[in-house]
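# 3D model of this:
(5 chains)
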Amino acid sequence: MSRSHFDSGEKVKKKLKIIGFLCNWCSYAGADLAGTSRLQYPADIRIIRVPCSGRMNPLLVLKCLQEGADGVLVSGCHPGDCHYQEGNYYVRRRMLILKNLLEYFGIDKRRFHMSWVSASEGAKWADVVKKVVEDVRDACEEEVKTAG
Amino acid sequence: MDMLILNKHELIDNIKSLFKDYEIVGPSQLDGKLYFRPVKSMDEVVWDFVNPVNNIKDFFFPPSQVLYELRQDRIKAFEPDTKKKRIILFAKSCDTRALNLLDKLFIGDYKDTSYTARRETTTIIGLSCLEPADRCFCISLGGGPFATKGMDVSISPVRKDKFLLHILTDKGKDIIAEQGTRPEREELSLTEALKQKAEEAIKRKINIPSDFFEKFDSDYWKGVSQACIKCGICTYLCPACHCFDIIDEGYFRIRCWDTCSSDTFTKMAAGEDHRKQKYKKYRQRIYHKFQYYKENFGEIACVGCGRCTTYCPVKMDIVEIVNNS
Amino acid sequence: MNKRILVIGGGIGGVQAGLDLAQMGIKVTLVEAKPSIGGRMAQLDKTFPTNDCSTCILSPKLYELASHPNVDIFSYSTLDKVDKKENGFQARIRKKARFVNEEKCTACGLCSEKCPVKIPDLFNKEITTTKCISIPYAQAVPAVYKIDKKHCLYFSKGKCGICQKVCTAGAIDYEQKDTIETIDFDAIIVAAGAEEYTPRIRPEYGFGIYDNVVTSIEYERILSASGPTGGHIIRPSDKTAPGSIAFIQCVGSRDISSGNYAYCSSYCCMQATKDAIITREHDQNACSTIFYIDIRAFGKDFDKFVDRAQSEYNVKYIKSRISEIIEKPKTKNLAIKYITPDGRINTKEFELVVLSVGIRIPDQIKELMTELGVKLSEYGFCPCDAFEPGITNVDGIYVCGTLMGPMDIPETVMSASAAASMAARGLLSPEISSEIIKEKPAEIAIEEKYLKIGVVVCHCGVNIGSVVDVPEVVKFAGSFRNVVFADELIYACSRDSIKYIIDKIKEHDLTRFIMASCSPRTHETLFKSALEEAGLNKYLMQMTNIRDQCSWVHQDNHEEATEKAKDLVCMAVGRSRYLQPLHELDSEVNKACLVIGGGIAGMMSALFIADNGFRAFLVEKDTELGGNLLKINYTLEEKNISWLLGKIRERVQEHPLIDVCLNTEIREIKGYVGNFTTNLTSGKEERNIEHGAVIVATGGREHETESYGYRDESYVVTQREFETMLLNKNPMLKYAHTVAMIQCVDSRESDKNYCSRVCCGEMVKNILQLKNDYPDKDVYVLYRDIRTYGMLEPYYTQARKTGALFFRYDIENKPVIQKEENGEFIITVYDEILRRYIKLRAQLIVLSVGIDPLETNDQLARMLKVPLNEDGFFHEAHVKLRPVDFATAGIFVSGLAHGPKYINESVSQAIAAASRALTIITKDKIRSEAHTAVINEVRCTGCGFCVDVCAYNAIEIDKEKNIAAVNTLMCKGCGSCAATCLSGAVDLSGFTNKQLIQEFQELFL
Amino acid sequence: MRNVYVPVPAKIIDIKIETRDVKTYRLVFEYDGFRDDFSFSAGQFVEFSVPAVGESTFCIASAPDDKGYIECSVKKVGKVTEAIHMLEVDNMVGIRGPYGNCFPIEDMKDKDVIFVGGGIGLAPLRSLIRQVLSGRENFKKITIIYGALSVQDLVYKDELEEWQKRADIKTVLTVDPGGETADWKGRIGFVPSVLEEVSPSGTNSIVITCGPPIMIKFVLLTLDKLGFAPEQILTTLEMKMKCGIGQCGRCNVGNIYVCKDGPVFTYSQIKEFIEEIN
Amino acid sequence: MIIKKIKTTAKDLLTDGSVSLIIGYGINGPGDVTPVFIKDPDDVEKLVWNDQCYYNLIRYLSDRDFIEQNNGSIGIIIKGCDQKSLKVLLSESQVNRDKIKVIGVTCKGLMDSDGNVLAKCEACDVVYPDKDFCDVIIGEEVKKKEKEKDFSDIDEIDSMDLPDRKKFWDNFFERCLRCYACRNICPLCYCKECIMDQHNPQWVLPSASVVGNRLFHIVRAYHLTGRCVDCGECERVCPIGMPLRKINRKIIKVVKERFDFESGKDQEQKSPLTRYRENDSEDFII
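Numbers count the residues shown, from 1 in each chain, chains lettered A, B, ... in the order given. Next comes the predicted model:
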């Protein structure tokens, strides 16, 4: 771990390490479906399965960025679809605050994303990954540029 | 050793010439507050000031420093980069005296290499206090606004734009050019008058009661510590406080300041804590300074700079608390 | 206990019935003709009125069923013969040859990828093609491929055989034959479902003629993200996004011109509304128009859904029957000719037309029913008595779902649950526990062992191996601290491999195990059982998905895929170090159920609990059982309600297992699933009862209106009062030559914005009775929409035939009543056809006032910590799939407490609630989840945030210590509490902060 | 000049599972010079480093005569100990030390020596016991009283057995009531009461005790009853330490630093500050 | 006038035994206003009331050590702004309302050392504490000023370019000593073991460094979501002068705009993080 990782890498790496926290019931299943459908997307994402997106404490996201992840994605069921009734509603609020704070302190908001992907949205999952990877890469490049 | 009388511009020129070979640290404004911090030119340096927020211990015993990197296959020690020597400009007598206190600990039975290296490669130019602050009480602890202990060179004003330089060590000699004039009796007495005026301005005195040691178990401490919020301001801004923690951040082992007022200071892994209550923590700080340090090193670990009172979030006054104990 | 029930049909009805029975401890054999279970719900994109993703909510149920040890699924199977035997049946089940070995197929899909033959995709309604060897849809259960023999080159031409060549699992078996099993059953539940109407027989709709006319089910597939168009709404002719879409309602419903479809299919209005909303969500510019006769938004929260469609999604509703659809040759757009309410003919052009097709019973099911000896109605459905929904004329055969008549998902689920407890009667006993105890080796205490991790990387044939450099990953895995064993396997899920894994765990004294292979969603259970076999706690296994989420999605980049697989293994190693053995907690179950409310719902719930051999406490605050039914004399189907009610009351009161507590109020309910204690007070008497489940059947009440002068005028009455007048031949009727009925009084507007569902039927019932008794009297009906859904529609038609006149009014233009000096009423109403105000004269006005929730619901809801919806009715756990459950375990709802409904629906839901309660109280012990919230008492401050976010009421603040306490039995392990806690005092076992952190930290260290 | 905070690398050559939460690690220094020169006295401790986790203090449980290696017994309580428990043979760790004072073995000579230990508190005693046993002739009666929560929680089971077999030492083992197994042959009872039963003589004797605070508290009361003077009682204090060299300030009690001036104290020394640390 | 009433009230409460302790304002040795804790009715003369009484004394009500030491009934002198913190504490069941007597005092605004009215007082909307909330009210009733919340200071930072904003904050993070005065002075930071002090897992780098400090301040702010009442104590005590209110107010702004929530209004309020609306804004979600 580098002490400056949270401030982005020194140089833009060819491959990024983006951590995706996926809820077991929708997004993880959606990501599985992308696989079964053989949809191709960039290999920069590493998935961690959580029971519900509502399990996600903003601290986990922050810790992840601090440890050196280039970006973080949290993905859950669409509003109303939560397997645990309402977990995704709460996490939506928490992550909104987090996103605002990150941005306020000058962290590029493109490093942290949240998405709703249902079990039948394999294609959406592939698109989400593409977008997130692109965003994180842009954010990294921009930071290197401004850092000189 | 040597004494010199210099005009302000001569003094400035002398210091300016040092920028090339030295990193200069001096009192300088930042966001409306005064700090000792590295300066690029003399324009940044403030001449008339009381104690800045931080004190010069930061440059010997920094808030956090990497000690070494420890991996399965290697250990790599980190020593401070002392290739470029450092000059601390306009240190006040209280801060420099505190360094002498820290020396006893860090260059004692176990020599702290990074502290020692920084100490050896830093030259301290002190500046006398003309107008001490309301909360200063250095005299009662054996110091004074014009004291020179711990300085390599001391600067005292004679009159406007004219200074008396006292070169106290070889390190001091190295950085002050042969110039100016020798002080005359009149100039010395002018300085002496300023010194007396400054000393008179210090009204506060710490007065350790004779039964201070016996007071340890008194309920007094529970009462006076009530307002304390257990933050680290008094210890972190204190020039003589030196407690620290050793932690790992990734593979780096880091030494960082710690404070006896914190909840984690004496708490063990399993949760026991022999100094859990607030009054015990607060009492520890006072006794460590005024009793234990004296017993172990012969001196009280307080120099009377008044920072702890000034910056205390709830304005606990150490003088009052010790005096009334 | 060797009781076994046959469930015919693997749609949501069959699945629910199967699950309920299995959970009661009864063995279930489920036979499904299609290659996979899931039925029609699997084809839907979303569900109304919450727009939940259909697959998301269905899949867990399918997996749950498939993995339940009491359940055997025979997919792609048919019934050859069913014989009635003494105390049961014997069935011959034909398992048709798939030409793929179910045991060996890993569903890797390589065969399908390589298969050269394309055939129409039936699952996707032939909009697209699939391969000759295929699986219906990605999440299909069972995930086993099947060869379509008719199109297969191997079978037709004797050459090809590609699938066999590429299948590394050796699963292709061209020699496979149909197999036949003969099994004895105690009862049969037929949940065979229905099929959609094929509009080919109605050429005026242009279906099958014009490209851009599709059925609603085809449109569902087009909308589906995993459908043939990948979730892009495109029309068939030119694959462009249609900007204007017309939905045509009642195609094959309320229609006798093309067959016997006089009934209403019930769900199509809402389906069209839902599809129109989703369409708009996909494309902000798309405009949908729904051509309807009546908008039948009669369900809970349906009206609000329709309101939103209009106000937020720009969906237009046109009340009209369409006369013709004509295709514009160039654009392939469709011109719809329709009759406006005022009788003019209008034409409007659309880019896509969706026909909302109704349902009907297919011939093969009719044949099956005939074979079983079950009588069907003239429409092909299986009619049931109001008080015996699901019971057929054949003893031991029960029906549920759309076979009983058109219904949507929640009603199907309710009827399925109800069928379960009806079929289970006589098979259960409190002495026999329904929980499954599996013999397994004693568990090794890992605290006294070294931390040793084993890693197995699976090739999955070529699925992983051809993309990811498996040996490289194995080598990498072996380099980690604590990893003492790393190996690769071709198919880790094969029987031999599982045995190998067990051996290796024992040989190397492993205390953690990592499986790098496919998705834990499908295979975790299998590998977990291997750990159990080896004596390790099954939660010491960590799976990482290097197939579905790695090799399959990075096929073109072997290097990156390998790197990613290595990272994933690295993460799994990090996490596995912190895995701890977990144990489900057992708690004794009190084998009794409390039923709150002594109306028909409560009585039926209690009766079915007791009929199945379990104790029920029936608590009624009044002095007499019966509730609202005491005031109802007859219904459309049943002529003598009070006689039937009397019979039921008698049975309830005399049942030895039912403890009827009249004149009793509930003071307090404490406890949790399996262990409730309730304090009852009756006058000055007070007592505590103990029970394992609660059914809320408190009912509702007739709305008290102040509108239309009801308060002051004796000749303004409610439908219920009118019914009594008819029965008593009330002399007031003599003076009333003309009766005017006003529907939707106070309903479907501002503060009571829901439909009471039953008033239209009540109105029809009373018209028929009135006209029967007094044929000369005139009847006017002022209505907004006539909602005689399902099998009530023919009665409505009949009512119209009696000569009753129907006038539609608009909410903005409600009828106005004036009383003349002679006591007559003049009703002014705006007539849409004449486009002017008309005046009607009547001597008696009958108001349809609808149903209100009880005011006391709020108090009970707080006592039980269950929610109410905004109208004040109890809010079930899930509108579609858990219609009688609350989120809080062990508490169920039925009848009017849940929302307005007809008697037969209340009864069905009540029996369903009994069924759900039985799944709990049939067990000796109830088992908690393994992953549950854990409170660190040293850190907890008692702020109560966790309590507020727990959807299951599993956390309480211990008042004395002011810290939170988790009721492990109620906790479902979602982790919301852990994420909300600011002090880091709550953690979720199995997904602890440390485990999650270690998972990514290992990667960056 | 050597940086005092930098540990030297040591390799784990053996791990022994003592109980469900205690493991004993045998460490060998990597640098040849250090391996040969490292010497310590019983009672001293080392700072044990795990890369990327942190440092923790452990007394050396092996005897000064056990050349070539040292042993530390680690009870899993916190972050560092949890990480240590995940280490395996051949892993590298960092060691600083030895630090602190030691048991005054010279003062014990020609006296009765009584060891009273509880739980993991046997670890520092073990070092001394081994040393005393290797010069058995210099001491008079030797008594070892050791107890734990349960049979499972007794550490160094092999050595306990060995000591029990020896005729020249009296070894009394006990477990807390309820902690016994069916085949337990030792006593059942808390250490202080067993001590009272054994009732060693307070003349020309010295007691070394170590264990959980609650045990120490009652052992001291019992010893007082048995006529032991505070100077005759030695104990080793456990306290949160970081630097180990009397600088970081956290083990400061009164004018002493437990790490530097301790951890071995006589009861008469501790009496001065016992109030504060309890 | 006010001080006289404060003293007599305090004396009465102590004398009749309805409280055993009064927390109020007094003067320390060098003449600064400091919190005082009065048990003896004769000591009420130590109480003062002036424009330097900025301390939010509610802090002591959530100090476990303090409450353990003073387990009787406590009388506390509060300003209108302080009552908001008390309401939050009550809503989180951290204070036993029955064991405290709230003495509300009208506050005309506080001054900084240069004699300027504090920024938070400029925007004050609770000059006069709630009558039905306090047990005793001292001072004239002042009409409630309904003010539109002014977040122009926050908008100013929001409008900066990302790198500038980062620089702006990093300038402070470089100096932050992690003395935790901001945390410890906060009446709402009452955790038994702060997440910053937890080491297993270690959430945030514990030493003073830009990365760790930034994270600390993000977490601190997040933990005040829907709770911070903008009493400004953290900013006042920060030795390096970090504009902490600008962080807190950002959160207050977001919570107000997105969740339509204001903290400290009512003691029955539930944190916005434990509530939701189905149509909460989700413009940030893919």
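# Quick check: residues of the stretch 1-150 of chain B near chain E?
Selection of the stretch 1-150 of chain B residues close to chain E by Cβ under 8 Å from any Cβ of the partner chain yields B:Leu30, B:Asp31, B:Gly32, B:Lys33, B:Tyr35, B:Val53, B:Pro63, B:Ser64, B:Asp134, B:Arg135. (Each C-beta comes from the backbone N, C-alpha and C, glycine too.)
# ok, now which ones touch the second one?
It stands for B:Asp31. E:Asn171, E:Phe172, E:Gly241 (Cβ atoms under 8 Å, 6 or more residues apart in numbering or on different chains).
# circling back: okay if I get the residues of the stretch 1-150 of chain B next to chain E as JSON lines plus pLDDT, secondary structure and distance to C:Asn936?
As requested, the residues of the stretch 1-150 of chain B next to chain E are exported to JSON lines (pLDDT from 0 to 100; DSSP: H, G, I helix; E, B strand; the rest coil; distance: Cβ to Cβ, whole Å):
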{"residue": "B:Leu30", "pLDDT": "91", "secondary structure": "strand", "distance to C:Asn936": "41"}
{"residue": "B:Asp31", "pLDDT": "87", "secondary structure": "coil", "distance to C:Asn936": "40"}
{"residue": "B:Gly32", "pLDDT": "87", "secondary structure": "coil", "distance to C:Asn936": "42"}
{"residue": "B:Lys33", "pLDDT": "91", "secondary structure": "strand", "distance to C:Asn936": "40"}
{"residue": "B:Tyr35", "pLDDT": "94", "secondary structure": "strand", "distance to C:Asn936": "40"}
{"residue": "B:Val53", "pLDDT": "93", "secondary structure": "coil", "distance to C:Asn936": "37"}
{"residue": "B:Pro63", "pLDDT": "92", "secondary structure": "coil", "distance to C:Asn936": "30"}
{"residue": "B:Ser64", "pLDDT": "91", "secondary structure": "strand", "distance to C:Asn936": "28"}
{"residue": "B:Asp134", "pLDDT": "87", "secondary structure": "coil", "distance to C:Asn936": "47"}
{"residue": "B:Arg135", "pLDDT": "89", "secondary structure": "coil", "distance to C:Asn936": "42"}
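# Around the residue of chain A found nearest chain E, count how many other residues there are.
Residue nearest to chain E within chain A (Cβ to the nearest Cβ): A:Gly106, separated by 2.5 Å. Using other Cβ atoms under 10 Å in any protein chain shown, A:Gly106 has 21 neighbouring residues.
# What is the burial count for the nearest residue to it once chain neighbours are set aside?
Using Cβ to Cβ, 6 or more residues apart in numbering or on different chains and skipping residues adjacent in sequence, the residue nearest A:Gly106 is E:Lys166, 2.5 Å away. E:Lys166: 20 surrounding residues under other Cβ under 10 Å.
# one step back: for the residues of the stretch 1-150 of chain B next to chain E, work out which two are farthest apart.
B:Ser64 and B:Asp134 (32.1 Å; Cβ to Cβ).
# Who does C:Phe676 form a beta bridge with?
With DSSP bridges as the criterion, C:Phe676 is bridged to C:Gly671, C:His691.
# Would you confirm that it contacts C:Lys670?
Yes. Counting by Cβ atoms under 8 Å, C:Lys670 is a contact partner of C:Phe676 at 7.0 Å.
# related to what we said a few turns ago, compare B:Ser64 and B:Asp134 (neighbour count), which wins?
Neighbour totals were compared for B:Ser64 and B:Asp134, and B:Ser64 leads with 20 against 16 (other Cβ under 10 Å).
# pretty sure C:Met369 is in a helix, no?
Yes. Counting by DSSP: H, G, I helix; E, B strand; the rest coil, C:Met369 is found in a helix.
# Please work out how many residues are found near C:His558.
Other residues close to C:His558 by other Cβ under 10 Å number 14.
# And D:Asp21, by the same measure?
By other Cβ under 10 Å, neighbour count at D:Asp21 equals 18.
# The stretch 101-250 of chain B against chain D: which residues are in contact?
Near chain D, when you scan the stretch 101-250 of chain B using Cβ under 8 Å from any Cβ, you find B:105-106, B:109-114, B:116, B:217, B:242-248, B:250.
# of C:Phe676 and C:Lys670, who's got more company?
The residue with more neighbours, out of C:Phe676 and C:Lys670, is C:Phe676; 22 against 11, by other Cβ under 10 Å.
# What are the neighbouring residues in contact with that one?
C:Asn590, C:Leu594, C:Ile669, C:Lys670, C:Glu690, C:His691, C:Gly692, C:Ala693, C:Val694, C:Gly890.
# I'd like to know which of these is nearest to C:Ile851.
So of the contacts of C:Phe676, ranked by how close each gets to C:Ile851 (Cβ to Cβ), first place is C:Val694, at 22.6 Å.
# Around the closest one, count how many other residues there are.
Neighbour count of C:Val694, defined by other Cβ under 10 Å: 27.
# same question, C:Pro815
C:Pro815 has 18 neighbours, counted by other Cβ under 10 Å.
# same check, this time on C:Arg321
14.
# circling back: can I get the buried part of the residues of the stretch 101-250 of chain B next to chain D as one ChimeraX selection?
Listed next is the ChimeraX selection for buried residues among these, using 16 or more other Cβ atoms under 10 Å in any protein chain shown:
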select /B:105,106,110,112,113,114,242,243,244,245,246,247,248,250
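# So which of the residues of the stretch 101-250 of chain B next to chain D sit within strands?
Those of those mapping onto strands are B:Phe244, B:Asp245, B:Ile246, B:Ile247, B:Asp248, per DSSP state E.
# want to throw those into JSON lines with distance to C:Glu281 and pLDDT?
Converted to JSON lines, these look like this (distance: Cβ to Cβ, whole Å; pLDDT from 0 to 100):
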{"residue": "B:Phe244", "distance to C:Glu281": "58", "pLDDT": "93"}
{"residue": "B:Asp245", "distance to C:Glu281": "54", "pLDDT": "93"}
{"residue": "B:Ile246", "distance to C:Glu281": "56", "pLDDT": "92"}
{"residue": "B:Ile247", "distance to C:Glu281": "51", "pLDDT": "91"}
{"residue": "B:Asp248", "distance to C:Glu281": "50", "pLDDT": "91"}
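# isn't D:Val74 right up against D:Met86?
No. D:Val74 is not in contact with D:Met86 according to Cβ under 8 Å; the separation is 11.1 Å.
# Neighbour count for these two, which is higher?
A direct count of neighbours by other Cβ under 10 Å for D:Val74 and D:Met86 places D:Val74 higher, at 25 against 16.
# The strand or helix carrying E:Arg258 near chain C anywhere?
Element membership for E:Arg258 (DSSP states H and E) is helix E:244-259. No. Interface with chain C: helix E:244-259 contributes nothing (Cβ under 8 Å from any Cβ), its closest point being 13.4 Å away.
# what helices or strands is that helix leaning on?
On a contact count with 3 or more Cβ pairs under 8 Å, 6 or more residues apart in numbering or on different chains; DSSP states H and E, helix E:244-259 meets helix A:87-104, helix E:152-158, helix E:210-223, helix E:233-237.
# Centre of the chain to the first one, how far?
How far helix A:87-104 lies from its chain's middle: 13 Å, per Cα atoms, centre = their mean, to the nearest Å.
# Buried residues, that helix. List them.
By 16+ other Cβ under 10 Å, the buried positions in helix A:87-104 come out as A:87-104.
# Go back to those and keep what's next to chain E.
Okay, of the buried residues of helix A:87-104 touching chain E (Cβ under 8 Å from any Cβ), that's A:89-90, A:92-104.
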